[in-house]
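Asks: Show me how the following folds:
(2 chains)
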Amino acid sequence: MLAAAILLAAGAALPEIPFEKYQLGNGLTVILSEDHRAPVVGVDVWYHVGAVNERKGRSGFAHLFEHLMFQGSKHLNGDERTVFAMFERNGATNLNGTTEWDRTNYFETMPADRLELALWVESDRMGFLLDTVDQKKLDTQRDVVRNERRQSIENVPYGRAEERLVQLLYPEPNPYFGYVIGSHEDLQRASLDDVREFFRTYYAPDNASLAIVGDFRLAEVKPLVEKYFGPLPRGPHPPPVTAKTEPHTAEIRETLRDQVQLPKVLMGWVGPAPLQNPAVAPLMRILAAGKSSRLYHRLVYEKKIAQDVSASWDPSMQLGGIIEITATVQAGHTPEEVAAALDAEIRGLRDAPPTPDELERAKRNLRSGLFAQLENVGGFGGKADQLNYYEMWAHDPGAFSSQLETTLAVTPAQVQEAARRYLQESQRVVITVLPEQKQASAGGAR
Amino acid sequence: MKKLWIVALLLSCASAPKKPAAEPQAAAAAPSPAQPSPDASFRAQPPAPGAPVVFQAPVPEQHTLSNGLQVFVIERHDVPLVALSLAVRSGEDTDPAGKAGLSSLALDLLDEGTPARDAAAIARAFEDLGARYGTAADADSSRVSLTALADTLDPALEVFADVVLHPAFRSADVERVRVERLGQIAQALDDPQSVGQHVLSRVIFGEKHPWGYPAEGTVKSVKSITRKDLAAWHKAWFRPSNAALFVVGDAQSATLLPLLEKRFGGWKDGLAPKMAASGRAKNGARVVTLVDKPAAPQSQIWIGELGVASTAPDIFPVRVMNNILGGSFNSRLNGNLRTEHAYSYGVFSFYDAHREAGPFVAAGGVVSEKTADALGEFMKELTRMKSGEVSEAELADAKEALIRAIPALFASNEQTSGAYARAWAHGLPADYYATYQQRVQAVGKEEVAKAARDRLHPDEMAIVVVGPSVEIAPRLEALGLGRIELRDAQGEARKATAAAARP
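Replies: Below is the predicted model of the structure:
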């Protein structure tokens, strides 16, 4: 068959990332990868700390702390304007910091001749943050973060439902309960003492990895890395994460009201931890990636009962990555109708394996998506992030390639097995969002 | 779903840092006696740059197919991917009166069916080939893009050309996509940020100009669009002489051009239809437009006016000026509203420049109880900027930021083809990126001052606030910036309920 021939031909190339990894005397893991396509260098520091390390009453702290890492340090004294100005006037792009459930990172893509500047800033905040942090900076960033919370959850359609789904899947005292952003109350409680303790516990070279990817020469950069990071002292061993996610044995259902016109159904499960099950990513794509996916084809294209569908698994949560399947209800239809259609499609994958064609398509798109991500040396999900991810979870940046091979070898039976294991109705949380106003159900504007 | 919480909403900028009280060195962070001190004199100053990077933006090879279609090619063989972008110099500006959303709906429908394939077959064909297909509806252009694996470029191109050249606009598909579009509009009306943006466009451009409406259209306009409208729009504007194709990646011109000729060479040209000139509303006395979002914890503030065209003689001074004002993290607006006052997670400003002048916008979300204070600070910064006073440091930082960020525009094949396609659609010369750094470098302080004085009119700028009107209206009125006028989320006047917001 022609289709099969094409599949085979296109299946030849696999994305790869050559790299060299080593450790400094203080335990900092360094991952270097030359890439001379453009005169830029991505610098990306991952600290192995996130919401998972927050203690009770301090939800949102890991992310609040991330903001403080942009407020200057001993030799770059000032506030966030000083830090951003230093980067921006030197041409940094893709400049940001992100906090997730289990890790926090800081990254910038520099013009190749300004790489050393990034090492200077990153080592200064790794070694000398506490010299300049103060109450005013904490208070300002607390308010900025509370605004981020308002803007990203409280004032966007369905935002509170997303947060509630996480709270129900990971009930207190699970550290994921705080949804990384945390509650206003807990953010208000954060003190300078908390900042100092958190920094001393988690922001040490031996709890971090530094990836540098781009237009540089290994031999020139290694001495610079040693110069800036080598003298920084080791930290204490951070306390191990002892929290566990309790398995769900009975379905939980909730209904929320929001200022929206279209109802929405959100289903959540606790899925596998990173690298635990290679069939889950293809399973999600078979469900909802692209117009030929099962949920899109059935609910949006054929039955026309959903406005949009999604299915995702978060591959970065050691206490079990959230699996989320959602559908926005089309005007003139009901959440019950949509939930029943979702149930039928999910049941279909529990009861029978996907077709080989479907699975091939899913793998092909995973692969071409990766190629596209790897076009960027830094930034969100670029090469530097990939190397750091596999270093964190597999202690080997090269697991990028082996994991990809494992995923591409997944069989239809493994996908069905993953659906059976992770997508049972008894293990899930279902949230239905209904319009707040009393007006005639969906599509008030029609 | 992946949840990321990040430090910066976008790139923006700042002012003179206050000297914070130094905290005592933390005991646990102090070095143990056995180790060398982590501090050293080399840390006191930022390191000097290395040998300067000479960056030359790639210059595309230019070709012409037998039907006149221009093709621009940049070969890059580092990854086995090819990115294509077909740009058409017609977009939202060609939406007829009452048919807002026509151009973007037509774009959406390209891959929903051709005489040879139905929507499912098209989706499956691209997905089987590992190809990614997408469209972008812009103010005065449309782009259709494809990223394909190099070894399956030809079969991917066949489907791509079928979709671009032969959309069927079948009734069943039109109706299905129309329902989806109405759903998208409903969702946008629930989102205060897009409401702010859309209502601001309406106030700036008025109800007689296509840019006074959201690109996706309104409930009313989308309901009125027929399949005949869609087919006519496609026939009128998708013509080789109104389009150009940009190809970047792992392909060689010698083999690529015959492929393109095979797929696009038969595309027939035609005459451009006459367009009625669209009039922009004449502004009367400035009002403060308020869209009620009951009990919202944040207000969205959107301020703007008519901006500049992409080919305006002062476009580079304007870009430098905007970088200082609100175009970077380290900008005056963000420094004031976020870093100084902590009213916001982040605010910004931009010039949306097209072949004709698009809007200038300054905007952001602020905590509701500080809405009036925050709006006051926005106006203060706009007025200060208009005075033209710019420090040497601000000028140097802005120019460096603009110049040094250019290489990153060409990091990937998709970014590169997109950048050139947009530049072409905006009527910019082929050497735009090759001369960009030089033109920014040439901008002086007086030119920035003049751009600020000429282009910014804070006293006349439209102001839109989306927030809890009962709580914020009295203090907004007290600012004295103009009469408060209530509109709904679609930008239509709400006279009947205007009284409700009054104290």
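
Asks: For the stretch 301-446 of chain A, which segments count as helices?
Replies: With DSSP state H, counting those that start in this stretch, the ranges of helices along the stretch 301-446 of chain A come out as A:335-351, A:356-373, A:383-394, A:399-408, A:412-422.

Asks: outside of the longest one, which residues touch it?
Replies: Residues from elsewhere that reach helix A:356-373, judged by C-beta atoms under 8 Å, 6 or more residues apart in numbering or on different chains: A:3, A:7, A:10-11, A:14-15, A:281-282, A:285-286, A:289-290, A:292, A:294, A:354, A:381-383, A:386, A:404, A:407-408, A:410-412, A:415, B:79-81, B:124, B:127-132, B:147, B:149, B:412, B:414. For glycine as for every other residue, the C-beta is placed from the backbone atoms N, C-alpha and C.

Asks: same thing with stretch B:457-466?
Replies: Contacts of stretch B:457-466 from elsewhere in the structure, counted by C-beta under 8 Å, 6+ apart, are B:192, B:195-196, B:199-200, B:203-204, B:283, B:286-291, B:293, B:296, B:299-305, B:371, B:375, B:379, B:382-383, B:386, B:472, B:476, B:481-482, B:489.

Asks: ok, now with 6 Å
Replies: Contacting residues not belonging to stretch B:457-466 are listed as B:192, B:195-196, B:199-200, B:203-204, B:286, B:288-291, B:293, B:299-305, B:379, B:382-383, B:386 [C-beta atoms under 6 Å, 6 or more residues apart in numbering or on different chains].

Asks: List the ones among those residues that fall in strands.
Replies: When DSSP state E defines the strands, the subset of the contacts of stretch B:457-466 inside them is B:288-291, B:299-305.

Asks: Please give the element, helix or strand, for the residue lying closest to A:His67 once chain neighbours are set aside.
Replies: Computed as C-beta to C-beta, 6 or more residues apart in numbering or on different chains, the closest residue to A:His67 that is not its neighbour in sequence is A:Gln141, at 4.1 Å. Using DSSP states H and E, A:Gln141 falls within helix A:135-149.

Asks: State the next helix or strand along the chain beyond the helix or strand of chain B with the lowest mean pLDDT.
Replies: Every helix and strand of chain B was ranked by mean pLDDT, DSSP states H and E. The lowest is strand B:12-13, at a mean of 28. On the C-terminal side of strand B:12-13, the closest following helix or strand by DSSP H and E is strand B:61-64.

Asks: and that next one, what other elements does it pack with?
Replies: In terms of contacts (3 or more C-beta pairs under 6 Å, 6 or more residues apart in numbering or on different chains; DSSP states H and E), strand B:61-64 is packed against strand B:70-75.

Asks: So in that sheet, which strands flank whichever helix or strand comes after the strand it packs on, and in what orientation?
Replies: Beyond strand B:70-75 in the direction of the C-terminus, DSSP H and E gives the next helix or strand as strand B:81-88. For strand B:81-88, sheet partners with direction are given as strand B:142-149 (antiparallel), strand B:243-249 (antiparallel), following DSSP bridges.

Asks: For the stretch 151-300 of chain A, which segments are assigned as strands?
Replies: Secondary structure of the stretch 151-300 of chain A by DSSP state E, counting those that start in this stretch: the strands cover A:208-214, A:252-258, A:264-270.

Asks: quick one: which of those strands is nearest A:Val300?
Replies: Closest to A:Val300 of the strands of the stretch 151-300 of chain A, according to C-beta to C-beta: strand A:264-270, at 13.5 Å.

Asks: near chain B, anything from the closest one?
Replies: No. Where contact is defined by C-beta under 6 Å from any C-beta of the partner chain, no part of strand A:264-270 touches chain B; the two come within 9.4 Å at best.

Asks: Does that strand pack against any helices or strands, and if so which?
Replies: Applying 3+ C-beta pairs under 6 Å, 6+ apart, one finds that strand A:264-270 contacts helix A:159-169, strand A:322-329, helix A:335-351, strand A:429-435.

Asks: Which residues does the closest residue to B:Ala243 other than its chain neighbours form beta bridges with?
Replies: Leaving aside its chain neighbours, B:Ala243 sits nearest to B:Val88 (4.7 Å; criterion: C-beta to C-beta, 6+ apart). Beta-bridge pairing for B:Val88 (DSSP bridges): B:Ser142, B:Ala243.

Asks: Count the residues that sit near A:Thr355.
Replies: Here the number of neighbours of A:Thr355 (other C-beta atoms under 10 Å in any protein chain shown) works out to 11.

Asks: these two touch, right, A:Val338 and A:Ala331?
Replies: No. A:Val338 is beyond contact range of A:Ala331, at 12.0 Å (criterion: C-beta atoms under 6 Å).

Asks: Now do the domain split for chain A, please.
Replies: Per automatic domain parsing, the structural domains of chain A span A:19-229, A:252-353+A:411-435.

Asks: Mean neighbour count and mean pLDDT added to those domains, as JSON lines?
Replies: As requested, the domains of chain A are exported to JSON lines (neighbours: other C-beta atoms under 10 Å in any protein chain shown; pLDDT from 0 to 100):
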{"stretch": "domain A:19-229", "mean neighbour count": "22", "mean pLDDT": "97"}
{"stretch": "domain A:252-353+A:411-435", "mean neighbour count": "20", "mean pLDDT": "97"}
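
Asks: Need those domains in a markdown table (columns: distance to B:Val163).
Replies: Supplementary listing: the domains of chain A in a markdown table, determined by distance: least, C-beta to C-beta, whole Å:
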| stretch | distance to B:Val163 |
| --- | --- |
| domain A:19-229 | 30 |
| domain A:252-353+A:411-435 | 13 |
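
Asks: Which one of the residues in chain B is closest to chain A?
Replies: Using C-beta to the nearest C-beta, the closest approach of chain B to chain A is made by B:Arg404 at 2.0 Å.

Asks: Tell me which residues touch that residue, please.
Replies: Applying C-beta under 6 Å, 6+ apart, we find B:Arg404 in contact with A:91, A:111.

Asks: what do you get for B:Leu260?
Replies: For B:Leu260, the residues meeting the contact criterion (C-beta under 6 Å, 6+ apart) are B:Val71.

Asks: Relative to B:Gly130, how far out is it?
Replies: When C-beta to C-beta, to the nearest Å is applied, the distance between B:Leu260 and B:Gly130 equals 20 Å.

Asks: Tabulate the strands of the stretch 151-300 of chain A (a markdown table), appending distance to B:Phe72.
Replies: Converted to a markdown table, these look like this (distance: least, C-beta to C-beta, whole Å):
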| stretch | distance to B:Phe72 |
| --- | --- |
| strand A:208-214 | 26 |
| strand A:252-258 | 46 |
| strand A:264-270 | 43 |
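
Asks: Not counting sequence-adjacent ones, nearest residue to A:Leu349?
Replies: Nearest residue to A:Leu349, sequence neighbours excluded (C-beta to C-beta, 6+ apart): A:Ala419, at 4.1 Å.

Asks: should've said A:Leu28
Replies: Take A:Leu28 and drop its neighbours on the chain: the residue closest to it by C-beta to C-beta, 6+ apart is A:Pro205, 3.6 Å away.

Asks: Contact partners for the one you found?
Replies: For A:Pro205, the contacting residues are A:26-28, A:232, by C-beta under 6 Å, 6+ apart.

Asks: Recalculate using a threshold of 8 Å.
Replies: Counting by C-beta under 8 Å, 6+ apart, A:Pro205 touches A:24, A:26-28, A:126, A:229, A:232-235.
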